[in-house]
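Colleague: based on what follows, work out the 3D shape:
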Amino acid sequence: MKLLKILIILLLLIKGFTQILICNDDPTVFLALKLNPLSENYNYINYLSQNSYYVLFSDENEMIGQNIIDMIYKIPLILYISVLLILFFLKHKNAKEKTL
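Modeller: The predicted structure follows:
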């Protein structure tokens, strides 16, 4: 159960705080940090300015593991939060039953 919580938190952080930058005229793809968790996960840009994005990784054509990241991005943010809240609720309920 603890490992599942850690996995959900990791997926939530990836979904909420990363984005894929795709250049309009270049096949290079960038994985960058974003500060607003509710903003889009894909951003089409004309050019990459050094001061506008915090780039974590870049690659030609497609990133390694981009299919997995695409799958993470397709799942709604509310689903991650809901599963995490359910797991915390179940832990609290089990802890409460053990004390009785």
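
Colleague: give me phi/psi at residue 61?
Modeller: The phi and psi torsions at residue 61 (degrees, to the nearest 10) take the values phi 70, psi -60.

Colleague: can you give me the strands for this structure?
Modeller: Assigned by DSSP state E, the chain shows strands spanning 18-23, 28-33, 42-45, 54-60.

Colleague: flag the shaky bits of the protein, pLDDT-wise.
Modeller: 48-51, 100 (pLDDT under 70).

Colleague: state which helix of it is the longest.
Modeller: Determined from DSSP state H, the single longest helix within the chain is helix 77-99.

Colleague: name the residues of that one that are buried.
Modeller: Of the residues in helix 77-99, 80, 83-84, 87 count as buried by neighbour count, 16 or more other Cβ atoms under 10 Å. Any C-beta I mention is one placed from the backbone N, CA and C, and that applies to glycine too.

Colleague: and if you look at stretch 59-77?
Modeller: Neighbour-count burial for stretch 59-77 [16+ other Cβ under 10 Å]: 63, 69, 72-73.

Colleague: now do stretch 6-20
Modeller: 8, 11-12, 14-16, 18-20.

Colleague: now do the contacts for the residue nearest to residue 39 when sequence neighbours are not counted.
Modeller: Nearest non-adjacent residue to residue 39, counting by Cβ to Cβ, 6 or more residues apart in numbering: residue 19, 7.3 Å away. By Cβ atoms under 8 Å, 6 or more residues apart in numbering, residue 19 lies in contact with 31-34, 39-43.
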